[in-house]
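1. need a 3D model of the following:
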Amino acid sequence: MNASTSSHLAETRTHRGILVGAVLVLVGIVGGVTWPLRSALHQQVLRREAAAMAAVVEVQQETGTQQVRELGLEPEILDVFYALLESPRLEGVVAMQMFEPSGEIAFAVPDSAFVETLPPAEQRTLARAHYHADSSSAGGMGWGQGVGDGPWLEVVVPVAEDTSENHGWVRYWLNGSRVAAELAEIDRRLWQQAGISAAGGGLILLFGLGWAFSRLRRRSADLARANQELLLNSKTAAIGAISAHLMHGLNNPLAGLEGFISDESPENAGAATSGEAWAAAAETTRRVRRMVNEVMAVLQDETAGGDFTMEVQDVLDAAADHVRANPGSSEIEIAVSSECEGVQVSGRVASLTGLVINNLTDNAVAATTAGGQVQLRAEPVSAEMAVIKIIDTGPGLPDEVRAAAFAPVASRKPGGAGIGLALSGALAKHAGGELRMGKSDSQGTTFVLEVPILTSLSTSS
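-> Numbering: from 1, shown residues only. This next block holds a predicted model:
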């Protein structure tokens, strides 16, 4: 696994962790809002039940103690208890307990109901209701067989024994099944709404963050490519300066060496092997000097800023001559075709394009076996651009070269630097065009060089 893949996996894991964390935070917020709302709704139901029971107690107390008051007497706690004895006959009421103002138990119906002191927390002036899911939470209720284990609704209502506001209390135990069903329905709807809100918000959050991370990833990739191009441009600029110095230093010595080889003959010129070696040396010297002259011409054009023009067909013909001058091309077919008749390019574009094509055709010749073919094909693609395709029938580029996409790689050639394609891509950009890899497989390799063109001859005439 290379560094780029590891970095991408680490970035993906980080983004995934952020997404999961954001969703969990959202769920926590929804839960944090829903739980207090649930408690408030439950309390609202219990307050309603307490108010309803308080109204019943008030009516029963008023009606049941009316005769006592008509006799000019103040009702006592026993009178109030008798007045409220109708309450256990109400639907759902299981037990009733009366408490004195001190909080001590006074009466209980049925008698088997447990007896205890009313807690101080329940000694309020307002009616209160409590829901108990089972008997254990209701203080261990147990008043006989057949009563059941809950749920229970406990309601405590203050009652006045006399006009001095000397309060006692009555506590009712009611079957809580109806309230339990209502509370369960509230919970179901509330959590359903919370789930929908969390799911919808989570989807929106995932989509929004996913889109943002996708854009960030593309921006990061663009920035990485830009940094790579800047680094490559910096390196090629340095290479260009070194190449200019090298070309200038090699030009005169190579010219003298070529003249020496042409004028002089070896002492053993009669030997066939020596003669062939001498001829190969002369050819190599001429080829190297021709390459130096080509580079020097481009450097001079870049410096002088020449304004001459050249037809695309002439650029292809010059490239074909360069290929045919390569000793390795003698058994390879060189095919040239153009649909750019009369189409021109600037002198600068022609010079830089020639260097790119020469480098690509040298590689194509080296990769193509005897009997193969190297094609140079030009065609216009718009009013401003034309493409030149360099096609060979070789075995295709190595995997690492295809994956590098014009970035420097380790060369497999003896003495190779691995920067030929990278330099060709940079030269194509300097010319205002672009170099792309069309295909590369076992059937051959195709490079597509896009270059800017000028007005054609037929249009300008």
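
2. from here on, just use CA atoms for contacts and neighbour counts.
-> Will do.

3. what is the neighbour count of residue 85?
-> By other CA atoms under 10 Å, 14 other residues sit near residue 85.

4. likewise for residue 152?
-> 28.

5. any idea how far residue 134 is from it?
-> Taking CA to CA, to the nearest Å as the measure, residue 152 falls 7 Å from residue 134.

6. ditto for residue 154
-> 12 Å.

7. which strands or helices does the helix or strand encompassing residue 447 pack on?
-> Residue 447 is part of strand 444-452, with elements assigned from DSSP states H and E. Here strand 444-452 touches helix 347-367, strand 385-392, helix 420-430, strand 434-441, going by 3 or more CA pairs under 8 Å, 6 or more residues apart in numbering; DSSP states H and E.

8. report the buried residues of the third one.
-> Translated: helix 420-430. 420-428 (16 or more other CA atoms under 10 Å).

9. export those residues to a markdown table and tack on pLDDT?
-> A markdown table is the format used below for those (pLDDT from 0 to 100):
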| residue | pLDDT |
| --- | --- |
| 420 | 73 |
| 421 | 78 |
| 422 | 78 |
| 423 | 79 |
| 424 | 83 |
| 425 | 83 |
| 426 | 81 |
| 427 | 82 |
| 428 | 86 |
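
10. which of those residues lies closest to residue 444?
-> For the buried residues of helix 420-430, the closest approach to residue 444 (CA to CA) belongs to residue 421, at 16.5 Å.

11. tilt between the strand holding residue 447 and helix 347-367?
-> 180 degrees (axes from the mean of the first three to the mean of the last three CA atoms, to 10 degrees).

12. between strand 444-452 and strand 434-441, how many degrees?
-> Using the same axes, to 10 degrees, strand 444-452 lies at 170 degrees relative to strand 434-441.

13. hmm, who's touching strand 444-452?
-> Strand 444-452 has contacts (CA atoms under 8 Å, 6 or more residues apart in numbering) with 345, 349, 353, 384-397, 428, 431-440.

14. partners of it, with directions?
-> strand 385-392 (antiparallel), strand 434-441 (antiparallel) (DSSP bridges).

15. tell me which residues of stretch 62-72 are tucked away?
-> When neighbours are counted by 16+ other CA under 10 Å, the buried residues of stretch 62-72 are found to be 64-65.

16. average pLDDT for that stretch?
-> In this model, stretch 62-72 carries a mean pLDDT of 78.

17. state the pLDDT value of residue 116.
-> 72.

18. which non-adjacent residue is nearest it?
-> residue 105 (6.4 Å; CA to CA, 6 or more residues apart in numbering).

19. and that neighbour, what's its pLDDT?
-> 85.

20. so what's it up against?
-> 97-99, 115-118 are the contacts of residue 105 under CA under 8 Å, 6+ apart.

21. same thing but at 7 Å, please
-> Neighbouring residues of residue 105 by CA atoms under 7 Å, 6 or more residues apart in numbering: 98-99, 115-117.
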